[in-house]
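**Student:** sequence first, then the predicted structure, then my questions.
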There are 2 protein chains.
Amino acid sequence: MTTTTFTVAGMTCGHCEMSVTEEVEKIIGVSDVRVSADTGVLSVTSAEPLADTEVIEAVREAGYTAVRV
Amino acid sequence: MTTTTFTVAGMTCGHCEMSVTEEVEKIIGVSDVRVSADTGVLSVTSAEPLADTEVIEAVREAGYTAVRV
C-alpha cells in the first residue's frame, strides 16, 4: 500500500473536492482518495505505486492543477 | 415576463453556480436563471411573478441562503 501526496491549486469548496475525488478514484488500483479544498492537499492510496502523471492527468480532467510533493 | 433578483451567500465557484441554477430551474414557470459566484447575484426570469419563498427554498435545497433584493 502506497500513499502519495499532491497539492492541488484552485479548489474552493466541497464540489471541487468531489470533482477531484471522482476523477482520481477512476484510476485503476486506487483504494483511497483524501482531498481538502482548505489545504489543497490530495492524498492518494493505492496497492501499487502510481505514476504521478496519472494522478496529475486525473486532476486536470477535473479542472485543476496538481503538483507532487 | 418578470425578473427577480436575489443575493446568494456562500457560492465560491462554478460548481456552486451550477447547483443553484439546477435547483432554481426546477421551479415551474422559470425561463431563465443567471447566477454569479463572484457577485452573489441571482436573477430569475419567469412568465408570471414567482413567490420569493419558492426561489429561496430552491436555493436552500442547493445548500445556500438567498435574500430578495
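**Tutor:** That came through fine.
**Student:** contact partners for A:Val8?
**Tutor:** By Cβ atoms under 8 Å, 6 or more residues apart in numbering or on different chains, the contact set of A:Val8 is A:20, A:35, A:40-42, A:59, A:64-66. Glycine gets a C-beta too; all of them are placed from N, C-alpha and C.
**Student:** so after the helix or strand containing it, what's the next helix or strand?
**Tutor:** A:Val8 belongs to strand A:2-9 when assigned by DSSP states H and E. Downstream of strand A:2-9, the first helix or strand assigned by DSSP H and E is helix A:14-25.
**Student:** how about A:Ser43: what's its closest non-neighbour residue?
**Tutor:** A:Arg34 (4.4 Å; Cβ to Cβ, 6 or more residues apart in numbering or on different chains).
**Student:** quick check: phi and psi on that neighbour?
**Tutor:** phi -120, psi 130 (degrees, to the nearest 10).
**Student:** need the pLDDT of it.
**Tutor:** With respect to pLDDT, A:Arg34 scores 97.
**Student:** the one 3 residues further on now?
**Tutor:** In the predicted model, A:Ala37 carries a pLDDT score of 96.
**Student:** just give me the neighbour total for it.
**Tutor:** 19 (other Cβ atoms under 10 Å in any protein chain shown).
**Student:** kind regards, and thank you for your time.
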